[in-house]
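Visitor: coordinates only, sequence not included:
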């Protein structure tokens, strides 16, 4: 797959983790990296002409770093027994538990500048190995806008969001707005179930009050799409992932501090000992049970 210089830099970014780290690896300014990355997605702030994308010496320099990035992606994937794409080398790795053991979930972060086409090609490539059971894509949204979407869902204008999701959003918004739920009722003597019912009722009854309190605020919040099953043909996987992104995440991004589809979480399929090869060399520690006296 032929990639232009801006796309290569966007892929290097997925492993470097920041614009400054990418610039350091390439030996150029972070401002120049930013212009290349914006050009990759065709957004404001990129190069106005295509000349910088075809600069021979710049391409040579980027190719050296890109080759090293590809080797790092492949090395990590082989060591952790996870799929990777040689055409679209997005860096991914198993997430670690608190004890440092590599788990069954894989994360691909820092995908800020990866285009939809490249992301879809990458998902297609890693889908072929049948290693993953589920996929979820994450964004940082403006929770105020996301709440308006949840309101439309509750009104029946948009499907597939449960009432519990709306209550959770309202609770975060109320906290961000500094509203004290307990001021409107004595919850001290309530058990957990009673207090939960009271809070849910208060949030729903005071929805307009909450919305007024945060109407002019940008509240960045990370959210993930619900998992999409990977054990189906790739066209269904891509259709479901992109539908969730476009219907729920995209309308709540665009403000400062928000970003669409910058993270992908993948759940390794451990059924039928499919992950036995890796786990044999990286076993979970056995749980020691205390002897009864």
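Guide: Alright, I've got the coordinates. Please read all numbers here as calculations on a predicted model, not as lab measurements.

Visitor: quick check, residue 267 in a strand?
Guide: Yes. Counting by DSSP: H, G, I helix; E, B strand; the rest coil, residue 267 falls inside a strand.

Visitor: show me the beta-bridge partners of it.
Guide: In this entry, residue 267 is beta-bridged to residue 105, residue 134, by DSSP bridges.

Visitor: what sits against it?
Guide: 104, 105, 106, 132, 133, 134, 135, 227 (C-beta atoms under 8 Å, 6 or more residues apart in numbering). For every residue, glycine as well, the C-beta is placed using N, CA and C.

Visitor: switch to 6 Å and redo it
Guide: Listed by C-beta atoms under 6 Å, 6 or more residues apart in numbering, the contact set of residue 267 reads 105, 133, 134.

Visitor: just give the number of residues close to the last one.
Guide: One way to gauge burial is a neighbour count; for residue 134, by other C-beta atoms under 10 Å, it gives 17.

Visitor: I figured it hits residue 225, correct?
Guide: No. Assessed by C-beta atoms under 6 Å, residue 134 is found out of contact with residue 225, at 10.4 Å.

Visitor: name the residues contacting each of these two.
Guide: With C-beta under 6 Å, 6+ apart, residue 134 and residue 225 have no common neighbours.

Visitor: what is the least confident helix or strand in the chain?
Guide: helix 143-154 (a mean of 69; mean pLDDT, DSSP states H and E).

Visitor: show me what the next helix or strand after that helix is packed up against.
Guide: Downstream of helix 143-154, the next assigned helix or strand under DSSP states H and E is helix 163-177. When contacts are defined as 3 or more C-beta pairs under 6 Å, 6 or more residues apart in numbering; DSSP states H and E, helix 163-177 sits against helix 143-154, helix 192-205, helix 207-214.

Visitor: tell me how far the shortest one lies from the chain's centre.
Guide: Spelled out, it's helix 207-214. Relative to the centre of its chain, helix 207-214 is centred 28 Å away, using C-alpha atoms, centre = their mean, to the nearest Å.

Visitor: so which elements touch that helix?
Guide: Against helix 207-214 (3+ C-beta pairs under 6 Å, 6+ apart) you get helix 163-177.

Visitor: how many neighbours does residue 74 have?
Guide: 14.

Visitor: in contact with it: list those residues for me.
Guide: Applying C-beta under 6 Å, 6+ apart, the residues contacting residue 74 are residue 84.

Visitor: how much space between it and residue 15?
Guide: Applying C-beta to C-beta, to the nearest Å, the value for residue 74 to residue 15 is 12 Å.

Visitor: for residue 97, same thing?
Guide: 22 Å.

Visitor: ok, now residue 107?
Guide: Residue 107 sits at a distance of 13 Å from residue 15 (criterion: C-beta to C-beta).

Visitor: show me the strands in this structure, by range?
Guide: 93-96, 102-108, 132-142, 220-224, 228-229, 259-268 (DSSP state E).

Visitor: gap between the last one and the chain center?
Guide: The reference is to strand 259-268. 3 Å.
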